[in-house]
Each structure stands twice: as C-alpha cells, then as structure tokens.
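Asker: Let me see the structure of the following:
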Amino acid sequence: MAASFPPRIETEVQRLRGCIDRRDFPTAVSIAQTLLDEVPENRDVLYMLAVGQRYMQQVQQALATLARLEQLHPDYPRLFQERGHCLVAMRSAPEAIDAFERAVTLNPALPGSWRSLGMLYRMMGRNADATRAEAEVAKLAGLPKAIATAFSMFADGEIAAAEQLVRGYLLEHGDHIEGMRLLAQIGVRLDILDDAELLLQTVVARMPDYHAARYEYAIVLLGRHKHVAAKEQVELLLAVDATSRVYRTTYATICAALGDYEQALRLYRELLNGSPADADLHLSMAHGLKTLGRQAEAVASYRTAASRRPGFGDAWWSLANLKTVEFTPEDIEQMRALESAPRTRTVDRYHLCFALGKALEDRREYAASFAYYARGNALKKAECHYRPAITERNVRLQKAVCTRELFAARQGVGCTDSAPIFIVGLPRAGSTLIEQFLASHSQVEGTMELAEIPRMVGELQGRETLGGEARYPAVLAELTPEQLRQLGEKYLRETLPYRNGRPVFIDKMPNNFRHLGLIHLMLPNAKIIDARREPMACCFSNLKQLFATG
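Answerer: The predicted model follows:
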C-alpha cells in the first residue's frame with residue numbers, strides 16, 4: 001500500500017493521476033519526475049512515471065523506472081503489467097508473457113493483463129492457455145464493478161479501502177458469492193480467521209463445485225488448526241483432481257500437522273520427483289525428518305532448500321534452530337551477504353538475522369550476535385500485531401473471575417476424564433524437556449502444542465477489542481455444569497486425532513497458562529504442570545527465538 005504523505009504531495013499525486021487519465025503524458029512525466037525529488041520511494045508516482053514514459057515511446061526509460069519500482073515494491077502487480085506492455089512494444093513476446101503471468105498471479109483481477117495474455121498465447125500457438133485467459137476476462141467483465149474494483153484494490157495492498165467497498169456492496173445488494181469470497185480473503189490477510197471460515201463455509205455450501213473457494217476454505221481450516229476438517233475438504237478436491245500439486249502439497253502438510261509424518265514424507269518425495277528445485281518442498285521435508293529424529297537427513301534437506309532459493313531465510317534459520325549445526329565461516333559470510341542484499345524480502349531478512357545471531361553466538365562473537373538478534377526482533381516486531389494491553393487486561397480479569405469461591409461452587413462438575421496432562425508456562429521455560437521426560441513412560445503420549453484450548457476461548461469470547469467489554473473470562477461464571485461437561489468432552493473429542501491409543505496424553509501449549517480457569521472447570525481431574533525457569537534466562541531465550549506463526 002502506498003504510504004501517506006502531506007496534503008500538498010497528495011494533491012500533486014492526484015494531479016498526476018488526472019494527467020494520466022486525460023492522456024497528457026508529457027505533463028504527467030514532468031510532474032512525476034519533480035515529485036520523485038521529494039518522495040523517491042512513492043509507489044504510485046513511480047508507476048505512473050513508467051506509464052507516461054511508455055506512452056511517450058520512451059520504453060527503455062520506462063523499464064528502468066519499473067526496475068527501480070520493483071526494488072522498492074517487489075510485489076506490486078501493476079508494475080509487472082506495465083512491464084508486459086513495454087515488452088510488447090519491444091516485440092518480446094515470451095518475456096511479455098512472463099511479466100503478465102506474474103501480474104495475474106499477484107492480482108487475478110487485472111483484465112488488461114488477461115487480455116494481453118490471451119492475445120500473446122494465441123500468437124504463440126498456446127490455444128488452451130488463450131482460452132483460459134479469455135475466460136478470465138469474461139469472468140471479470142461479469143462481476144459487479146464494485147466487486148471487481150475491490151478485488152483489484154485488495155491485490156494492490158489497499159486492504160481497508162477494499163473491505164469498505166465490498167462490505168458496502170454486500171450491505172446494499174445482499175450476499176454475492178465473489179463478494180463473500182473476497183471478504184474472506186481480507187479476513188485471512190487481517191488474521192480474522194473465524195470470519196473467513198464462516199464466509200467460505202457459506203460459499204462452498206452454495207456452490208459445491210467452486211474448487212478455488214473450497215481450497216481457500218481448507219487453508220483457513222488449516223490455519224485454525226482444524227486439521228481433520230481441512231483434510232476432509234482437500235480429500236474432496238483430490239477426488240476431482242488427484243494430480244494437482246497444490247492439493248497434494250496441502251494434503252501432505254495436513255498429514256504432518258496430524259502427526260502422520262511418514263505419510264507426509266512419502267507425499268513430499270513424490271512431489272519432489274516432479275519438481276526437484278522446489279525449495280518449499282525441501283523445507284517441509286526437512287521439518288518432517290527433524291520431527292522423526294532423522295537429524296542428518298534433515299540437515300541435508302535444509303541445506304538443499306537454502307541452495308534452491310538464494311536468500312531463503314527460513315531454511316537458514318531452521319538449520320540454526322536445530323541447535324546442533326555448526327555453521328562454517330563460509331556459511332556466515334553467505335548469510336551476511338544475503339541479509340544485507342537490498343532485494344532480500346523482510347521475512348527472509350529477519351530469519352537470516354536470527355540464524356546469524358545463533359551462528360555468531362556459537363562462535364562467542366557476542367556483540368555481533370546480539371546486534372543481529374536485536375535487528376531480527378526489530379524487523380519482526382514491525383510486522384507483528386501483538387497488543388500487550390489485551391493480555392494484561394485478560395490476566396486481571398482472570399484473577400477477578402477465577403476465585404476460590406467460583407471453583408468451590410462448581411465442585412464435581414465438568415468432564416471427569418483424567419487423560420490430559422497440560423504443561424503450561426512461558427515459552428522457552430522447559431516445557432518440551434518436561435514433555436520428553438513424561439512421554440518416555442509407556443502409558444503417556446506426547447502430542448504437540450495443541451490449539452484446541454485457544455480455539456475454544458476464541459469461541460467463548462467472540463471478537464475481543466481493546467476498548468470493549470470482553471465476554472471471556474467473565475463468561476466462565478455463567479457456564480452451567482452441563483455446558484462445562486460438554487466443553488470437556490469436546491476437547492477430548494477434538495484432540496483424539498492427535499493420539500495413538502495411550503491412556504494419558506500431553507498438551508504442551510505454553511500459553512494455556514492464560515486459560516487454567518477454563519481448563520480446571522471443564523476437566524477438573526486433568527493434571528496441570530507449570531514450567532518455570534529463572535526469569536532472565538527465560539526472557540533472553542525468548543529474545544533469541546524466532547517463533548513460528550501462531
């Protein structure tokens with residue numbers, strides 16, 4: 001999304017846009033070049049400068065402007081569309097096709113790119129691809145203008161404006177399949193997965209053959225750790241297209257999430273046979289091998305992933321996170337070069353920072369190590385939406401609600417099953433070590449950090465806002481004995497797919513410490529272990545750890 005600028009700059013940008021609309025390209029180029037002296041990284045100014053240059057037949061200058069734009073905004077779809085137009089002007093059809101394909105991959109709602117692709121595909125004899133492109137043009141033409149515009153705005157990063165537009169349309173015109181699908185995609189982008197799930201559930205119920213929407217529904221279920229339901233959706237898709245690499249890859253990921261790593265590895269190997277250069281597949285393979293304790297194979301797969309995609313920060317960090325790999329001086333030099341490269345993505349940069357922090361710490365270069373940990377944390381924090389005030393308020397409310405009197409009044413209620421052992425505490429406090437001790441017993445099963453309790457809490461509290469009244473944990477005092485029993489049984493039922501028959505199992509989600517009141521009310525016989533570690537050691541360990549999403 002373009003940044004906000006002072007009113008004078010915004011006025012000039014609007015004047016520039018008006019010149020483009022009126023096809024006054026000489027004036028547009030002049031305004032854009034003047035503006036870039038003050039706002040050299042402005043996405044829209046660079047884009048409109050390239051458009052003006054192309055129409056003035058300054059194609060090489062336009063391509064240079066687009067190269068500059070790509071360095072600053074590498075995922076902006078319209079820059080690739082404009083590059084495609086420039087390459088068409090240069091009669092470079094294969095390169096133009098690549099550019100337009102990249103544009104519609106980033107933003108499927110670009111009719112100009114689809115039209116150009118249809119023409120170029122026909123010219124190159126790719127008739128099936130041309131037909132598909134023409135169908136996309138027809139599909140976009142059949143959408144209400146507001147929905148088509150909102151799709152394009154969303155793909156361009158204008159999230160708030162797209163949401164406002166599509167919500168306004170749905171309020172005025174009622175349900176619209178593509179409108180609901182777009183609203184779900186916005187929910188995913190904003191991490192409001194419960195809304196996205198409900199919207200996509202409605203879409204696939206009304207249009208069972210809408211495979212793209214069903215796949216998005218499966219991905220949302222996966223994001224909400226509803227692995228069994230996600231698996232069911234992907235199995236429906238595979239019944240329609242068993243050869244789809246996307247469906248098969250997602251199915252393998254779900255198998256791994258359910259603890260069936262052997263099946264996941266088999267699927268990853270099959271997929272790699274057809275695409276040996278796929279870095280993400282090598283990374284997923286390595287994660288599975290690591291979990292099964294096949295350390296040497298995992299290291300080899302992580303290194304393969306790093307080699308297949310230069311700058312793949314996650315592969316380097318995953319190597320470091322094994323805690324057993326000693327990086328060579330050549331490794332460290334390579335990571336430093338990748339981390340400092342101007343075109344390295346932010347997500348790769350902070351992964352590399354944490355990997356370098358670990359590598360240099362192992363070499364006792366503590367000052368340099370700490371500098372990378374600090375930089376990695378700063379980069380990560382910039383994209384993190386965590387608000388400590390919500391957690392602080394929740395803790396205060398837990399203390400107010402979960403009193404001795406509350407538990408005394410509910411003595412003997414809830415589900416009496418004693419199978420679960422909850423290990424809670426701060427991350428990096430030793431919960432994994434405790435789990436390994438316990439799971440060595442023949443009657444105790446180690447599972448993973450299960451997401452069922454946080455999801456139950458989400459359902460109980462509804463949408464929590466910083467200023468509004470939260471239903472949770474106050475709702476704990478309102479739950480009837482029957483509701484508490486049902487919640488306990490629901491937890492046991494939903495965690496069953498992660499178990500293999502042992503009578504006792506472990507749920508080691510550390511953040512469940514925030515929900516001990518709920519756990520004790522619905523599962524009064526469950527055992528709870530609170531892992532504690534010396535505070536500074538725990539805090540410093542958290543500083544050094546790059547946590548996965550969720």
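
Asker: Could you say which helix or strand holds Val424?
Answerer: strand 420-425 (DSSP states H and E).

Asker: So which residues make contact with whichever helix or strand comes after that strand?
Answerer: Using DSSP H and E, the helix or strand that follows strand 420-425 towards the C-terminus is helix 431-439. With contact meaning Cβ atoms under 8 Å, 6 or more residues apart in numbering, helix 431-439 is reached by 421, 423-425, 444-446, 506, 508, 510, 529, 531. In this view, the C-beta of every residue, glycine as well, is placed from N, C-alpha and C.

Asker: between the next helix or strand after helix 431-439 and helix 431-439, how many degrees?
Answerer: Next helix or strand after helix 431-439 toward the C-terminus (DSSP H and E): strand 444-448. Comparing the axes of strand 444-448 and helix 431-439 via axes from the mean of the first three to the mean of the last three Cα atoms, to 10 degrees yields an angle of 150 degrees.

Asker: So which residues of the stretch 1-150 of the chain form helices?
Answerer: Assigned by DSSP state H, counting those that start in this stretch, the stretch 1-150 of the chain shows helices spanning 7-21, 25-38, 43-55, 59-72, 77-89, 93-106, 111-123, 127-141, 145-155.

Asker: would you turn these into TSV with mean neighbour count?
Answerer: TSV is the format used below for the helices of the stretch 1-150 of the chain (neighbours: other Cβ atoms under 10 Å):
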stretch	mean neighbour count
helix 7-21	15
helix 25-38	17
helix 43-55	24
helix 59-72	18
helix 77-89	23
helix 93-106	19
helix 111-123	20
helix 127-141	15
helix 145-155	20
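
Asker: Export the ones you listed as TSV, with columns for mean pLDDT and distance to Arg214.
Answerer: Putting the helices of the stretch 1-150 of the chain into TSV (pLDDT from 0 to 100; distance: least, Cβ to Cβ, whole Å) gives the following:
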stretch	mean pLDDT	distance to Arg214
helix 7-21	89	39
helix 25-38	93	44
helix 43-55	95	34
helix 59-72	94	34
helix 77-89	96	25
helix 93-106	93	20
helix 111-123	95	23
helix 127-141	94	17
helix 145-155	91	19
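
Asker: Show the contacting residues for the closest residue to Leu79 other than its chain neighbours.
Answerer: Nearest in space to Leu79, with sequence neighbours left out and distances taken as Cβ to Cβ, 6 or more residues apart in numbering, is Leu69 at 4.9 Å. By Cβ under 8 Å, 6+ apart, Leu69 lies in contact with 43, 46-47, 50, 76, 79.

Asker: which one among those residues gets closest to Cys415?
Answerer: Distance to Cys415 across the contacts of Leu69 (Cβ to Cβ) is lowest for Tyr76, with 52.3 Å.

Asker: The stretch 151-300 of the chain: helices as residue ranges?
Answerer: Applying DSSP H, counting those that start in this stretch to the stretch 151-300 of the chain gives helices spanning 159-173, 177-189, 193-206, 211-223, 227-240, 245-257, 261-274, 279-291, 295-308.

Asker: right, so of those helices, which gets closest to Asp331?
Answerer: Closest among those, using Cβ to Cβ: helix 295-308, at 9.2 Å.

Asker: who's in contact with the closest one?
Answerer: 277-280, 282-283, 285-287, 289-290, 312, 314-316, 318-319, 322, 324-325.

Asker: Okay, domains of this protein per the record?
Answerer: Listed domain ranges for the chain are 7-156, 310-385, 398-544 (source: automatic domain parsing).

Asker: Surely Ala148 touches Leu110?
Answerer: No: with contact defined as Cβ atoms under 8 Å, Ala148 does not reach Leu110; the gap is 10.2 Å.

Asker: ok, back up a step: Leu258 is nearest to which of the helices of the stretch 1-150 of the chain?
Answerer: Of all the helices of the stretch 1-150 of the chain, it is helix 93-106 that lies closest to Leu258, at 30.0 Å by Cβ to Cβ.

Asker: tell me the contacts of the closest residue to Val228 other than its chain neighbours?
Answerer: Using Cβ to Cβ, 6+ apart and skipping the chain neighbours, the partner closest in space to Val228 is Pro497 (5.2 Å). Pro497 is in contact with 227-228, 258, counting by Cβ under 8 Å, 6+ apart.

Asker: Figure out which of the domains of the chain is closest to Val234.
Answerer: Closest approach to Val234 among these (Cβ to Cβ): domain 398-544, 14.7 Å.

Asker: Just the endpoints, please. Distance across that closest one?
Answerer: 30 Å (Cα to Cα, to the nearest Å).

Asker: what pLDDT, on average, does that domain get?
Answerer: Throughout domain 398-544, pLDDT has a mean value of 91.

Asker: give me the number of residues near Ser275?
Answerer: Look at Ser275: counted by other Cβ atoms under 10 Å, it has 11 neighbours.

Asker: Quick one: residues contacting it.
Answerer: By Cβ under 8 Å, 6+ apart, the neighbours of Ser275 are 245, 281.

Asker: thinking again about what came up before, now the buried members of the contacts of helix 295-308.
Answerer: Buried by 16 or more other Cβ atoms under 10 Å: 278-280, 282-283, 285-287, 289-290, 312, 314-316, 318-319, 325, out of these.

Asker: which ones are touching Ala141?
Answerer: Pro111.

Asker: what's the distance between it and Gly168?
Answerer: 21 Å (Cβ to Cβ, to the nearest Å).

Asker: Kindly report the same for Gly488.
Answerer: For Gly488, the distance to Gly168 - Cβ to Cβ - is 43 Å.

Asker: When these two are compared, which one has more neighbours?
Answerer: The neighbour comparison of Gly488 against Gly168 (other Cβ under 10 Å) goes to Gly488, with 24 against 12.

Asker: Buried subset of the contacts of Pro497, written for ChimeraX?
Answerer: Those of the contacts of Pro497 that count as buried under 16+ other Cβ under 10 Å are selected in ChimeraX with:
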select :227,258
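
Asker: which among the contacts of Pro497 gets closest to Ala128?
Answerer: Nearest to Ala128 among those, with distances taken as Cβ to Cβ, is His227, at 35.7 Å.

Asker: so who does the closest one touch?
Answerer: By Cβ under 8 Å, 6+ apart, the neighbours of His227 are 221, 254, 257-258, 497.

Asker: Those residues into a markdown table, with extra columns for distance to Arg349?
Answerer: What follows is these, written out as a markdown table (distance: Cβ to Cβ, whole Å):
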| residue | distance to Arg349 |
| --- | --- |
| Leu221 | 31 |
| Ile254 | 30 |
| Ala257 | 27 |
| Leu258 | 32 |
| Pro497 | 37 |
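
Asker: and Ala109, what are its phi and psi?
Answerer: phi -100, psi 40 (degrees, to the nearest 10).

Asker: hang on, it packs against Ala162?
Answerer: No: Ala109 is not in contact with Ala162 according to Cβ under 8 Å; the separation is 10.3 Å.

Asker: can you list residues touching both of those two?
Answerer: Here Ala109 and Ala162 have Phe151 as joint contacts, going by Cβ under 8 Å, 6+ apart.

Asker: those helices in the stretch 401-550 of the chain, which residues are they?
Answerer: Ranges of helices in the stretch 401-550 of the chain, per DSSP H, counting those that start in this stretch, are 404-409, 431-439, 452-461, 481-495, 516-522, 535-544.

Asker: Grab the nearest non-local neighbour of Arg102.
Answerer: Phe80 (4.3 Å).

Asker: give the contact list for that neighbour.
Answerer: For Phe80, the contacting residues are 99-100, 102-103, 106, 113, by Cβ under 8 Å, 6+ apart.

Asker: How about His515?
Answerer: Listed by Cβ under 8 Å, 6+ apart, the contact set of His515 reads 453-454, 457.

Asker: ok, 6 Å please
Answerer: 453, 457 (Cβ atoms under 6 Å, 6 or more residues apart in numbering).

Asker: how close does it get to Pro473?
Answerer: The value you get for His515 to Pro473, if Cβ to Cβ is used, is 8 Å.

Asker: Also Val88?
Answerer: Distance of Val88 to Pro473, computed by Cβ to Cβ: 61 Å.

Asker: cool, Ser301 as well?
Answerer: For Ser301, the distance to Pro473 - Cβ to Cβ - is 43 Å.
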